[in-house]
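Visitor: need coordinates for the following:
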Amino acid sequence: MNQYSSNRSIYCPVSWGQVGSGLVTPSLPDSAALTIAVGIVGATVMPHAIYLHSGLTQHRAKVQNNKDRWKILTFSNREVVIALAVAGMVNMAMVIMAASVQLWFCH
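Guide: Next up, the predicted model:
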């Protein structure tokens, strides 16, 4: 069997200790890592999605006074934070799996 056998492509173990260490003490060893990190942050934050969300929800409820405005703003902010958190977790999962596959095939 060669190095690209089906066993390796089905399961690549994740070093959860290194994942935890990287979450606590992140590092950027070179400029290529910085470029990747900036791209991941840009893909996660997605300003166009936040702008679209505010545009779509702008007329969702009628605002009668400042109390209503505050409630709607609070609810909208929660929606955006939850959406960004989910997107961030999906991006972290993709990066963890990509690193696991690279380590598995390269070492």
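Visitor: okay, CA-based contacts and neighbour counts for the rest of this
Guide: Fine.
Visitor: least confident secondary structure element in the chain?
Guide: Sorting the helices and strands of the chain by mean pLDDT, DSSP states H and E puts helix 6-10 at the bottom, at a mean of 52.
Visitor: buried residues, the helix or strand just after that one. List them.
Guide: Beyond helix 6-10 on the C-terminal side, the first helix or strand identified by DSSP states H and E is helix 16-24. Across helix 16-24, burial judged by 16 or more other CA atoms under 10 Å covers no residue at all.
Visitor: show me how far helix 16-24 is from its chain's centre.
Guide: Remark: helix 16-24 is offset 16 Å from the chain centroid, using CA atoms, centre = their mean, to the nearest Å.
Visitor: check stretch 15-31 too.
Guide: The answer for stretch 15-31 is 15 Å, by CA atoms, centre = their mean.
Visitor: and the residue nearest the centre of the chain?
Guide: Centroid-nearest residue in the chain: residue 88, 1.9 Å away (criterion: CA atoms, centre = their mean).
Visitor: excluding covalently adjacent residues, which one is nearest to that one?
Guide: residue 44 (5.7 Å; CA to CA, 6 or more residues apart in numbering).
Visitor: what score does that neighbour have for pLDDT?
Guide: We note a pLDDT of 75 for residue 44 in this prediction.
Visitor: residues contacting it?
Guide: Residues touching residue 44, when contacts are defined by CA atoms under 8 Å, 6 or more residues apart in numbering, comprise 84, 87, 88, 91.
Visitor: got any ranges where this structure has weak pLDDT?
Guide: 1-10, 103-107 (pLDDT under 70).
Visitor: let me see the ranges of the helices in it.
Guide: 6-10, 16-24, 31-45, 47-57, 66-106 (DSSP state H).
Visitor: packing partners of the fourth one?
Guide: Counting contacts by 3 or more CA pairs under 8 Å, 6 or more residues apart in numbering; DSSP states H and E, helix 47-57 packs against helix 66-106.
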